[in-house]
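Engineer: This is the structure alone, sequence omitted:
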């Protein structure tokens, strides 16, 4: 039996095969644990991506945020949206490992519910606009148990890496 979830008029099959696992993701993004904040990609098209982050009590940030009431910091929730969006953009490049994605702007960031250990966050990031000079405008939402927990409007720039 297929388990379908509907997110913002976008249906996807939770039993669908993983498109990108964490090893594939590390071939696209420069981030590494403990700062890699996406575990797998389950849907990817030209204009949107759906990524999953499994939040565990072992996350480094829970030791100090907050020890007796652990919640995922908002800034890391936004970073996770950006990483999922980075996969959307960088997966279009022939050699994505040669590029990095940098924030230019974060707007309309809203935190609606706490994210705690044991949560599975489903990120839905859409490309709103490809602009000149490698600038991309994206909008992302994070869901836990079908409820929006975080959303943000992001502009980022893709830059070719230089050796120092």
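Structural biologist: Sure, I can see it. Model, not experiment: these values are computed from the prediction.

Engineer: what's the burial count for the spatially closest residue to residue 34 that is not a sequence neighbour?
Structural biologist: Leaving aside its sequence neighbours, residue 34 sits nearest to residue 60 (C-beta to C-beta, 6 or more residues apart in numbering; 4.6 Å). Where C-beta positions appear, they are placed from N, C-alpha and C, glycine not excepted. Neighbour count of residue 60, defined by other C-beta atoms under 10 Å: 10.

Engineer: Phi and psi next, for residue 60.
Structural biologist: With angles defined as degrees, to the nearest 10, residue 60 sits at phi -60, psi -30.

Engineer: Can you report how many residues lie near residue 156?
Structural biologist: Residues near residue 156, counting by other C-beta under 10 Å: 21.

Engineer: any idea of the mean pLDDT in the helix or strand encompassing it?
Structural biologist: Taking DSSP states H and E as the definition, residue 156 sits inside strand 147-160. Strand 147-160 shows a mean pLDDT of 96.

Engineer: now do stretch 20-28
Structural biologist: On average, the pLDDT along stretch 20-28 is 96.

Engineer: Show me which positions of that stretch end up buried.
Structural biologist: Judged by neighbour count (16 or more other C-beta atoms under 10 Å), stretch 20-28 contains these buried residues: 20, 25, 28.

Engineer: So which of the residues you listed is the closest to residue 39?
Structural biologist: Set against residue 39, the nearest of the buried residues of stretch 20-28 by C-beta to C-beta is residue 25 (7.9 Å).

Engineer: Contact partners for the residue nearest to residue 93 when sequence neighbours are not counted?
Structural biologist: Nearest residue to residue 93, sequence neighbours excluded (C-beta to C-beta, 6+ apart): residue 99, at 6.0 Å. By C-beta atoms under 8 Å, 6 or more residues apart in numbering, the contact set of residue 99 is 90, 93, 158-161.

Engineer: So among the residues you listed, which ones count as buried?
Structural biologist: Neighbour-count burial (16+ other C-beta under 10 Å) applied to the contacts of residue 99 gives 90, 158.

Engineer: Thanks a lot, see you next time.
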